[in-house]
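*Asks:* Any chance you could fold what I've pasted below:
(one chain, ligands or ions: 1)
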Amino acid sequence: MQSLQNFAEQKLASLEARALRRTLAPTRRMEGAWVEREGRRLLSFSCNDYLGLSHHPAVKAAAAAAIETYGVGAGASRLVTGDHPLMEVLEARLAALKGTEAACVFGSGYLANAGILPTLVGPGDLIVVDELAHSCIWAGAKLSGAEITALRHNAVDDLAALLGDRRASFGRVIVATDGVFSMDGDLAPLDRLAEVCAAHDAWLLSDDAHGVGVLAEGRGSASLFPGTSIPLQMGTLSKAIGGYGGYLCASRAVIDLIKSRARTLVYSTGLPPACAASAIAALEVIAGDAALCARPLANARAFTAAMGLPPAQSPIVPVMIGDAARAVEASQALLEEGLLVVAIRPPTVPDGTSRLRIAFSADHAPADVARLAAALPAILAA
Ligand SMILES: *Cc1c(COP(=O)(O)O)cnc(C)c1O
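*Replies:* Numbering: from 1, shown residues only. You can find the predicted model right below:
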């Protein structure tokens, strides 16, 4: 198929010319925040395992025991025979953590958003998505067939105006946002968004991938806004929870509908039982160790203070560069100093906003944070 070959080669050349080609780099995660790449030990600031739970002894032991008991794979969709008993335990824990009636666990966070939105809205409905929300929210929105409108980042007044103008033209309306923005590290104003949504009968979906485990003693970004009720609270088990999988916490009726209709749940094999077991163990660690949960944000704030940046709102701190090629160069310069900080480029972020995305973890010592803060200024000035 020469045309296929040509297409792939030309597309790659075009990406290369714009410094947008991406490559995989096998990276072995070692103890703490250390990794090994091409035989070199590097201190990583690019991992979302914010609490180091992927390597926690109790979490690993729970996964190993589940493999012994249930085997490695779920064997089928959860609706067939893949609904292992551990799933029920995990869902009860997630619902308790988020203060909802029920929860549904998916194969991943991406699958969760790709399944939730098309179950709840369709043609004739509207989805309003924050312009900086995660790619899988957009994917779910597109799959739904609903009309999609981008909301200027965190622009609550724009949302109120939009819904005031147009709410009546649609059947159901969902407003979807990250709770903690994955590439910017800032928070959504969930309290004010929830108020506007309630006033216009729109359903707020918040994606707490980067909040659970690390904000509000581990309960996540919504808990920073006491008294705020968010009907659709989605998240992932793959970041601070240390393993793999995704979830939605919501009312019993919504969860029952999702379990009956979400295509990414119905037509995809259930999460491996070991992932459920490790998530249960990780949530136990999170519930019992508020000091651990506070460490990633404290490290991020130590860094922003040292750099003269506004105080971090989450463990994620972007250092803006702009040009994609320059962002890659800065990342490479840090690599030469033994520091792994991945450059983030379009289309993950808007054109002209390439950046270093720094993720702080509980495993970083104050000296690690200081080392990065000391290395960066010269590299950014170069
Ligand atoms: C990582 C991420 C996801 C996807 O979760 P996975 O479990 O990795 O598929 C969804 N939303 C946000 C905001 C994320 O950062």
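*Asks:* Roughly how far does the residue nearest to residue 245 when sequence neighbours are not counted sit from the ligand?
*Replies:* Take residue 245 and drop its neighbours on the chain: the residue closest to it by C-beta to C-beta, 6 or more residues apart in numbering is residue 237, 3.7 Å away. For glycine as for every other residue, the C-beta is placed from the backbone atoms N, C-alpha and C. Separation of residue 237 from the ligand (C-beta to the nearest ligand atom, to the nearest Å) stands at 7 Å.
*Asks:* ok, residue 237 - contacts?
*Replies:* By C-beta atoms under 8 Å, 6 or more residues apart in numbering, the residues touching residue 237 are 105, 109, 243-247, 275, 279, 282.
*Asks:* Adding neighbour count, write the residues you listed out as a markdown table.
*Replies:* A markdown table is the format used below for the contacts of residue 237 (neighbours: other C-beta atoms under 10 Å):
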| residue | neighbour count |
| --- | --- |
| 105 | 25 |
| 109 | 24 |
| 243 | 26 |
| 244 | 19 |
| 245 | 25 |
| 246 | 28 |
| 247 | 28 |
| 275 | 25 |
| 279 | 30 |
| 282 | 25 |
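*Asks:* Would you mind naming what in the stretch 151-300 of the chain lies close to the ligand?
*Replies:* Counting by C-beta under 6 Å from any ligand atom, the residues of the stretch 151-300 of the chain close to the ligand are 178, 182, 207, 209-210, 236, 238, 246.
*Asks:* quick one on the thing from earlier: which one of the contacts of residue 237 is nearest the ligand?
*Replies:* Set against the ligand, the nearest of the contacts of residue 237 by C-beta to the nearest ligand atom is residue 109 (2.3 Å).
*Asks:* my guess is the closest one meets residue 234, correct?
*Replies:* Yes: contact criterion C-beta atoms under 8 Å: residue 109 and residue 234 qualify, at 7.3 Å.
*Asks:* Please could you give me each C-alpha atom of the biggest helix by length in the chain, formatted as CSV?
*Replies:* Secondary structure of the chain per DSSP state H: the longest helix is helix 290-307. What follows is helix 290-307, C-alpha atoms only, in CSV (Å, rounded to 0.1, in the frame of the first residue of the first chain):
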residue,chain,number,x,y,z
ALA,A,290,-3.1,13.1,55.3
ALA,A,291,0.5,14.2,55.7
LEU,A,292,1.5,12.1,52.7
CYS,A,293,-1.3,13.6,50.6
ALA,A,294,-0.1,17.1,51.5
ARG,A,295,3.5,16.6,50.4
PRO,A,296,3.2,17.0,46.6
LEU,A,297,1.5,20.4,46.8
ALA,A,298,3.9,21.5,49.5
ASN,A,299,6.8,20.6,47.2
ALA,A,300,5.2,22.4,44.3
ARG,A,301,4.7,25.5,46.5
ALA,A,302,8.4,25.4,47.6
PHE,A,303,9.3,25.4,44.0
THR,A,304,7.0,28.3,43.0
ALA,A,305,8.3,30.3,45.9
ALA,A,306,11.9,29.6,44.9
MET,A,307,11.2,30.6,41.3
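*Asks:* ok, residues contacting that helix?
*Replies:* Helix 290-307 has contacts (C-beta under 8 Å, 6+ apart) with 50-51, 185, 213-215, 217-218, 240, 285-286, 309-312, 314-317, 319, 358, 360-362, 364, 366, 369-370, 372-373, 376-377.
*Asks:* rerun that using 7 Å as the cut-off
*Replies:* 50-51, 213-214, 217-218, 286, 310-312, 314-315, 317, 360-362, 364, 366, 369-370, 372-373, 376 (C-beta atoms under 7 Å, 6 or more residues apart in numbering).
*Asks:* in that helix, what's buried?
*Replies:* 292-304, 307 (16 or more other C-beta atoms under 10 Å).
*Asks:* Looking at these, spot the one nearest the ligand.
*Replies:* residue 296 (14.6 Å).
*Asks:* Not counting sequence-adjacent ones, nearest residue to the closest one?
*Replies:* Spatial nearest neighbour of residue 296, chain neighbours left out: residue 315 (3.6 Å); criterion: C-beta to C-beta, 6+ apart.
*Asks:* so what pLDDT did that neighbour get?
*Replies:* Per-residue pLDDT puts residue 315 at 98.
*Asks:* isn't it right next to residue 360, touching?
*Replies:* Yes: assessed by C-beta atoms under 7 Å, residue 315 is found in contact with residue 360 at 4.5 Å.
*Asks:* Compute the distance between residue 3 and residue 10, please.
*Replies:* Between residue 3 and residue 10 the computed distance is 10 Å (C-beta to C-beta, to the nearest Å).
*Asks:* Comparing the two, which residue is more hemmed in?
*Replies:* Neighbour count, other C-beta atoms under 10 Å: between residue 3 and residue 10, residue 10 has more, with 10 against 7.
*Asks:* That one belongs to a helix?
*Replies:* Yes: judged by DSSP: H, G, I helix; E, B strand; the rest coil, residue 10 forms part of a helix.
*Asks:* so how far is residue 172 from it?
*Replies:* According to C-beta to C-beta, residue 10 and residue 172 sit 42 Å apart.
*Asks:* can you check residue 49 too?
*Replies:* 36 Å.
*Asks:* And the two? Which one has more around it.
*Replies:* When neighbours are counted by other C-beta under 10 Å, residue 49 and residue 172 differ, and residue 49 comes out ahead with 23 against 15.
*Asks:* which residues touch the more buried one?
*Replies:* By C-beta under 7 Å, 6+ apart, the neighbours of residue 49 are 239, 242, 361.
*Asks:* nearest to the ligand, of those?
*Replies:* Of all the contacts of residue 49, residue 239 has the smallest distance to the ligand: 6.4 Å, by C-beta to the nearest ligand atom.
*Asks:* how many neighbours does the residue lying closest to that closest one once chain neighbours are set aside have?
*Replies:* Nearest residue to residue 239 in three dimensions, chain neighbours excluded: residue 48, at 4.0 Å (C-beta to C-beta, 6+ apart). Neighbour count for residue 48, taken as other C-beta under 10 Å: 18.
*Asks:* Residue 48 sits in which helix or strand?
*Replies:* Under DSSP states H and E, no helix or strand contains residue 48.
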